[in-house]
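Chemist: how would this look folded up:
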Amino acid sequence: MSILERKLNKRTAVNKMRSLHISGPGEISLQESSAPAPKQDEVKLKLIYGGICGSDIGVYKGKVAHASYPLIPGHELLGMVIEAGEKVDIPIGTRVVVQPNSYCGECEQCQKGKTNLCAFKKSLGVNTDGGFSEEFTVPAKYILPVPDELSDERAVLIEPFAVVIHAFKRANITKGASVAIIGCGTEGQLAIALAAHLGANITAIDINKEKLQKVSVYGDIQTFVPAAVPEKMKFDVVIEAAGVRQAVEQAVDLVKPGGEVVLIGLTDEATLPILKIVRNEISIHGSIIYNFPADFSESAEYLKLPEFTIDPIIADIIPLKEYERAYEAAVSGQYAKIILNFKEGFHQ
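Modeler: Purely as a prediction, here's the structure:
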């Protein structure tokens, strides 16, 4: 047993762990907890960082219909392996990110390789306990080792960026293409970063002028609030990342004939001009999460590039004990990504 393993095992035996718990909409607390020992095909992780996502906020506010309460929230997870089952060939001390959506491997969609559409999918922090815990046990098939050259702050973005990686595969975004991105939260900014890296001509649209001011770091980006977009301005590709009805409707309005709309955001419904869509051969693509591990691996490869700019995306890193402040900031909608820091009191 290595020195690191002995230290981690000693800490696990002595210290009580803590987890966030949501007992119902708007009811969140920090409670003592324990993670079970890993089975043969599982690992136990010591959490490093956890990103608060829009779906986490939806669960917290009671706006996700298929959410189950009570539950532990959290699915954007970066951790270190501290225990591993007998069938797991991953060294203790390895940093990993977690793929938070289970899949059966047997249904029609899984057999087609579309595990993101699994009929029996469960999602951490939504309809099964998530990972906002100091220690967390998960099947090893859902983890991906993090490259050594990636800092913790970049590695924690692998999962949300994989959403954008997957979405971009739905459209033809090439150098010089005109691309509008509606919504400048985490996914919107990650989409701007990737589109800029690919050499597209980008227009960013958001109701929040402060968010629009921050996107200049990605390059020469045009910015507008929704009502100010010039009527004649049209785009080859429109990425909808706001998740509201008005944004979906504007996306279809802004796309060129023969162009493509990619919907990342989640909203219940929108009214669309079918005659225009048909006559102009507009393609509308839905995109949900990602394919694992391919999209995660590609996400990590981009994030490894020093020139790949993501600096404005993480707005704040807040200790777990200040979870109320972290959720308040995330719920406000004024920031991109709020990160919970689980490293407090943890020493290798």
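
Chemist: what number of residues lie near residue 282?
Modeler: If you count neighbours by other CB atoms under 10 Å, residue 282 ends up with 20. Using the backbone N, CA and C atoms, a C-beta is placed for each residue, glycine as well.

Chemist: roughly how far apart are it and residue 150?
Modeler: Residue 282 sits 38 Å away from residue 150, going by CB to CB, to the nearest Å.

Chemist: swap in residue 79?
Modeler: 14 Å.

Chemist: higher neighbour count, the two?
Modeler: Neighbour tally, residue 79 and residue 150, criterion other CB under 10 Å: the higher count belongs to residue 79, 28 against 19.

Chemist: residues in contact with that one?
Modeler: With contact taken as CB atoms under 8 Å, 6 or more residues apart in numbering, residue 79 is in contact with 45, 46, 47, 48, 95, 96, 98, 131, 136, 342.

Chemist: the same query, at a cut-off of 10 Å, please.
Modeler: Residue 79 makes contact with 43-50, 94-98, 131, 133-136, 138, 143, 146, 156, 342, according to CB atoms under 10 Å, 6 or more residues apart in numbering.

Chemist: same check on residue 325?
Modeler: Taking CB under 10 Å, 6+ apart as the criterion, residue 325 is in contact with 316, 318, 319, 338.

Chemist: which of those residues ranks first by neighbour count?
Modeler: Going by other CB under 10 Å, residue 338 tops the contacts of residue 325 with 25 neighbours.

Chemist: wait, that one touches residue 319, no?
Modeler: No. Under the criterion of CB atoms under 10 Å, residue 338 makes no contact with residue 319, lying 11.9 Å away.

Chemist: what do those two both touch?
Modeler: 325, 326.

Chemist: if we can go back for a sec, now do the shared contacts for residue 79 and residue 150.
Modeler: Common neighbours of residue 79 and residue 150, using CB under 10 Å, 6+ apart, are 95, 97, 156.

Chemist: please tell me how far residue 153 sits from residue 78.
Modeler: For residue 153, the distance to residue 78 - CB to CB - is 9 Å.
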